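Q: Predicted coordinates and the sequence they were generated for:
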Amino acid sequence: MPTYDFKCNKCGKVFEVRVKSDAVVNCPKCNSIDLKKLITGIGGISFIGDGFYVNDYKDKDKGQSEE
C-alpha cells in the first residue's frame, strides 16, 4: 500500500498514513475527515525480499574456505 501525507483542515495536524488511495482517512488528533492530501516528494526505493541482494550483489567468494 502506498503512503500518503495529509493535513487536517480543522486542527492543522500533518500526518502520514499507509492506505489505499480510495480509503476514508480520519485525523488522528481531532478525528475530522476534512483533510487535504499533500503533494510530497517521492520516497526512497524499497527492495522487499531477498532476490535482489542474493542474485545481483552478493559477494560470490564469501563463505568459501580459503585453502
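A: Yep, it's here. Numbering: from 1, shown residues only.

Q: so what's Val14 bridging to?
A: Each beta-bridge partner of Val14 is listed here: Lys7, as defined by DSSP bridges.

Q: Give me the nearest residue to Cys11, chain neighbours excluded.
A: Counting by C-beta to C-beta, 6 or more residues apart in numbering, the nearest residue to Cys11 once its immediate chain neighbours are dropped is Cys30, at 4.5 Å. All C-beta atoms are positioned from the backbone trio N, CA, C, and that covers glycine.

Q: Please apply the same query to Asp34.
A: The shortest distance from Asp34 to any residue that is not its chain neighbour, by C-beta to C-beta, 6+ apart, is 4.4 Å, and that residue is Asn9.

Q: isn't the one you found right next to Ile33, touching?
A: No - under the criterion of C-beta atoms under 8 Å, Asn9 makes no contact with Ile33, lying 9.7 Å away.

Q: what are the ranges of the strands in the chain?
A: Secondary structure of the chain (DSSP state E): strands located at 3-8, 14-18, 35-37.

Q: Ends of stretch 9-19, what's the gap?
A: Using C-alpha to C-alpha, to the nearest Å, the span of stretch 9-19 from its first residue to its last is 19 Å.

Q: correction: stretch 3-22
A: 12 Å.

Q: quick one: buried residues of it?
A: Under the neighbour-count criterion of 16 or more other C-beta atoms under 10 Å, stretch 3-22 has 4, 6, 8, 17 buried.
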